[in-house]
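> Below is the sequence, then the predicted model.
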Amino acid sequence: MNELFSLLLSGITVGFIYALVGMGFTVIYNSSGIINFSQGEFVMAGGMSAVFLLKTGMPFGLVFILSIAITALLGILLWKLIDISKEKSIISMIILTLGYSIFLRGLAAVIFDKELHTLPSFVGNGSFEIFGAVLTYQSLLIMVVSIIIVISLHLFFSKTKTGKAMVATSDNVNSAKLMGINIKRILMLNFALSAMIAAIGGILLAPITSTNYEIGIMLGLKGFSAAVIGGLSQPFGAVVGGLVLGILESLVAGYISSEYKDAVAFIALLGILFFMPGGIFSNLKAKRV
Amino acid sequence: MFKKIIKFLLFIGLLTFGTVFINAAGVIKIGAIVASTGPASFIGSPELKTLKLYVKKINNKGGVLGKKIQLIYYDTGANPRKAVSFAKRLIFEDKVVAIIGPSTTGETMAIIPFVQRAKIPLVSMGGGISIIKPVKKYVFKIVATDRMACKKLMGYMKKEGITKIAMISGSGGFGKSMRKQCKEVAPNYGIKILADETYGKKDTDMTSQLIKIKNTKGIQAVLNPGFGQGPAIVTKNYRQLKIPYPLFESHGVASKKYIEIAGKAANGVILVSPPVVVANKLSNANPLKKVCMDYTKEYKNAYHSDIASFGGHAYDSLYAIVDAIKKEHSINPQKIRDGLESLKNFVGIDGVVNMSKTNHLGLDTKTGLVLLRIKNGDWSIIK
């Protein structure tokens, strides 16, 4: 019983990490239909910028804001690249994001280095003990921030004018245009927003997972899986998807064998794609957002 | 037209003459195959830097037997196929007298058939035991094997009365190989492995595996063979779960980076390490102290960065070849091979080397590795 609870809690902790990365995928997919494969690299960029800015002796608050701003610029740059490319099919845009991810990885290796880095935990190294299972403050912070981001995204999309414009763009580009919505500006904002979420994730994750120039590969893959399981279209879905993935991995590692952990997670992903291509919420909601 | 042909022939003639001339002046061509970029660059890059630094130093002091050393090196990016083609190029085109490298075990195994056939001595920098076991006539190495690391750790466990352990290993090449070796030598020390978990190279959380280990009855210690970020995360998770047993780490984490990433969680960890990492803490009676200290200083002066223990492999390989040349008074590959095989009491960075017909490793567990305990973010040597 105690073991089960510990494993579940560990799964939830990891699940929120995947969720935090996965949310970024949904934001871009939502408005443009593009799966942004450089999402993991945005996470890396946020974490690595923070590590190196902090070394210059800046106060942490400023480092936090600057890292997010840098990553947002990278997001905007990606959008500009997509915008100026002549080929407008979704598949070529997705390939472009893939290329951009390799570019960012290389850039990080050159500008920063190939070493591992970590950030100090901003809420201290302490932990709670719940029924014999352990939850660190930093993990708790990740959970709280993930939930705050989901709620703010929901409010942003349903209450603000810009948010509504994004939803409108995702629903029907042409009628959105006719309504006087500046599509390009909206999409650019969207890429920036997604990159910012990724950067927050990168900074929050660094104390737990540590970071280096290629940490984005694995995080991006797991985040993508989380987003797909959740249906790719809602940030909330990504959270549920991340939790499903994390708990599944943890239980497999705990009860079967850690060798099969990743395999089972990806089999679950394939299963979802085969039998519920719209994600686990496909029966409840057909509409995006 | 005719003039052009004459010019061309003259040019060719000059070229050939030039090369002959340079050869006559006496250069010792030593080849190096290193993975200075790519996934093993953390190993290959310090190796190449070390080779360049010390070839220059040897040449500035007048070279060997009055001849300068010419280092011809190629970067494989840790790709065994490239290693093979570079080995061929070194043997047949560059005509080197000896080869240093490659950096990894996989690459070394790939080129062994070629050096054996061409009868060129090879001093590998790979860690695996398969390189020199069984003994191959032209293949040597002066790098502690993972088997030696297992022996050192388990010898200590036995002394402390630990007989039941759990293992949690990285699934990368390093962790996989060491896990296998440790499982093989464990019975020799009366140690039973009650739990045997693994984690992926890029996993971000090992709590689940550790919970399983924590709940396994009878365990007295946990051993974590692994490299890179994995062991640091294992260490953090280990402390978060408040697992009460001592944690043993491999030589894969014998760097300041590990302590930096794992932070306070690293305190109390016991690990094996090549002696050079703790050069300034070695006792003055230790024959390695001087060479390790000098290396640490010279490397830092030249590159303004701290040493990585891998660089020592390159230093030892280079000087072993130089010693063999000096001893045999010849740069004939066959003679160099003989010289390497009869190397005795050679003091390198990785240990005191004694080669023989049946032992092409020449390092022993005693000098080749030291046991360390991490205290307040620093190492202290366990006597």
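That came in fine, so what should we check first?

> Now name the helix or strand holding the closest residue to residue B:352 other than its chain neighbours.
Spatially, and ignoring its direct neighbours in sequence, residue B:352 is nearest to residue B:367 (4.8 Å; C-beta to C-beta, 6 or more residues apart in numbering or on different chains). The way it works is simple: take the backbone N, C-alpha and C, and place the C-beta from them, glycine included. Residue B:367 is located in helix B:365-368, with elements delineated by DSSP states H and E.

> after that helix comes which helix or strand?
strand B:370-375.

> Flag every buried residue along that following strand.
Neighbour-count burial for strand B:370-375, counted by 16 or more other C-beta atoms under 10 Å in any protein chain shown, picks out B:370-372, B:374.

> Partner strands of it and their direction?
When sheet partners are counted by DSSP bridges, strand B:370-375 sits next to strand B:270-273 (antiparallel), strand B:378-381 (antiparallel).

> what sits up against the last one?
The contact list for strand B:378-381 (C-beta atoms under 8 Å, 6 or more residues apart in numbering or on different chains) reads B:259, B:273, B:277-278, B:281-282, B:370-374.

> hmm, try it at 7 Å
Residues outside strand B:378-381 that contact it (C-beta atoms under 7 Å, 6 or more residues apart in numbering or on different chains): B:278, B:281, B:370, B:372-373.

> now the first one
Contacts with strand B:270-273, where a contact means C-beta under 7 Å, 6+ apart, come from B:149, B:152-153, B:246, B:248-251, B:253-254, B:369-373.

> between the residues you listed, which is nearest residue B:235?
residue B:249 (7.5 Å; C-beta to C-beta).

> what's the burial count for the nearest residue to the closest one once chain neighbours are set aside?
Excluding the flanking residues, the one nearest residue B:249 by C-beta to C-beta, 6+ apart is residue B:271, at 4.0 Å. By the criterion of other C-beta atoms under 10 Å in any protein chain shown, residue B:271 has 28 neighbours.

> Specify the beta-bridge partners of residue B:271.
Going by DSSP bridges, residue B:271 forms beta bridges with residue B:249, residue B:372.

> Kindly report the residues of the stretch 51-200 of chain A close to chain B.
A:114-116, A:118, A:125, A:127, A:134, A:136 (C-beta under 7 Å from any C-beta of the partner chain).

> any idea of the mean pLDDT for stretch B:29-48?
Averaged across stretch B:29-48, pLDDT comes to 88.

> Run through who's touching that stretch.
In contact with stretch B:29-48 (C-beta under 7 Å, 6+ apart) are residues A:114, B:51, B:69-78, B:83, B:86-87, B:90, B:94-104, B:125, B:307-308, B:310-311, B:313-314, B:321.

> Per-residue confidence, the nearest residue to residue A:124 once chain neighbours are set aside, what does it come out as?
In space, residue A:124 comes closest to residue A:137 once its chain neighbours are excluded; the distance is 5.7 Å by C-beta to C-beta, 6+ apart. pLDDT recorded at residue A:137 is 88.

> show me the contacts for residue A:137.
Residue A:137 sits in contact with A:121, A:123-124, A:126-127, where contact means C-beta under 7 Å, 6+ apart.

> What subset of those residues is buried?
Buried by 16+ other C-beta under 10 Å: A:121, A:127, out of these.

> Specify which member of the contacts of residue A:137 is nearest to chain B.
residue A:127 (5.7 Å; C-beta to the nearest C-beta).

> surely that closest one meets residue A:135?
Yes. At 6.1 Å, residue A:127 and residue A:135 qualify as touching, with contact defined as C-beta atoms under 7 Å.

> shared neighbours of the two, anything?
The overlap between the contact sets of residue A:127 and residue A:135 (C-beta under 7 Å, 6+ apart) is empty.

> partner strands of the lowest-mean-pLDDT helix or strand in chain A, parallel or antiparallel?
One helix or strand of chain A scores below all others by mean pLDDT, DSSP states H and E: strand A:127-130, with a mean of 80. Its sheet considered, strand A:127-130 pairs with strand A:133-136 (antiparallel) by DSSP bridges.

> Which parts of the stretch 101-250 of chain A are helices?
With DSSP state H, counting those that start in this stretch, the ranges of helices along the stretch 101-250 of chain A come out as A:137-159, A:161-171, A:173-178, A:183-209, A:215-229, A:235-251.

> can you tell me which of the ones you listed comes nearest to residue A:107?
helix A:215-229 (11.8 Å).

> and the residue of the stretch 1-150 of chain A found nearest chain B, what does it touch?
The stretch 1-150 of chain A approaches chain B most closely through residue A:10 (3.9 Å), counting by C-beta to the nearest C-beta. Residue A:10 makes contact with A:250, B:205, B:207-208, B:211, according to C-beta under 7 Å, 6+ apart.

> can the residues you listed go into a markdown table with extra columns for pLDDT and distance to residue B:230?
Compiled in a markdown table, these are given as follows (pLDDT from 0 to 100; distance: C-beta to C-beta, whole Å):
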| residue | pLDDT | distance to residue B:230 |
| --- | --- | --- |
| A:250 | 89 | 17 |
| B:205 | 84 | 11 |
| B:207 | 88 | 13 |
| B:208 | 87 | 14 |
| B:211 | 89 | 17 |
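
> Among those residues, which are located in helices?
Among the contacts of residue A:10, DSSP state H puts A:250, B:207-208, B:211 in helices.

> which one among the residues you listed gets closest to residue A:93?
When these are compared against residue A:93 (criterion: C-beta to C-beta), the nearest one is residue A:250, at 34.9 Å.

> burial count for that closest one?
Residue A:250 has 26 nearby residues by other C-beta under 10 Å.

> Tell me the spacing between it and residue B:194.
21 Å (C-beta to C-beta, to the nearest Å).

> now do residue A:129
For residue A:129, the distance to residue B:194 - C-beta to C-beta - is 25 Å.

> same thing with residue A:161?
Distance from residue A:161 to residue B:194, by C-beta to C-beta: 62 Å.

> and the two? which has more neighbours close in?
Counted by other C-beta under 10 Å, residue A:161 and residue B:194 do not tie: residue B:194 has more neighbours, with 15 against 8.

> circling back to that earlier point, give the buried residues for the least confident helix or strand of chain A.
residue A:127.

> List of residues touching that strand?
Under C-beta under 7 Å, 6+ apart, the answer for strand A:127-130 is A:134-137, B:240.

> Could you tell me which residues make contact with residue B:220?
Residue B:220 neighbours (C-beta under 7 Å, 6+ apart): B:162-165, B:245.

> number of nearby residues for the nearest residue to residue A:253 once chain neighbours are set aside?
Excluding the flanking residues, the one nearest residue A:253 by C-beta to C-beta, 6+ apart is residue B:208, at 3.8 Å. Residue B:208 has 29 neighbours, counted by other C-beta under 10 Å.
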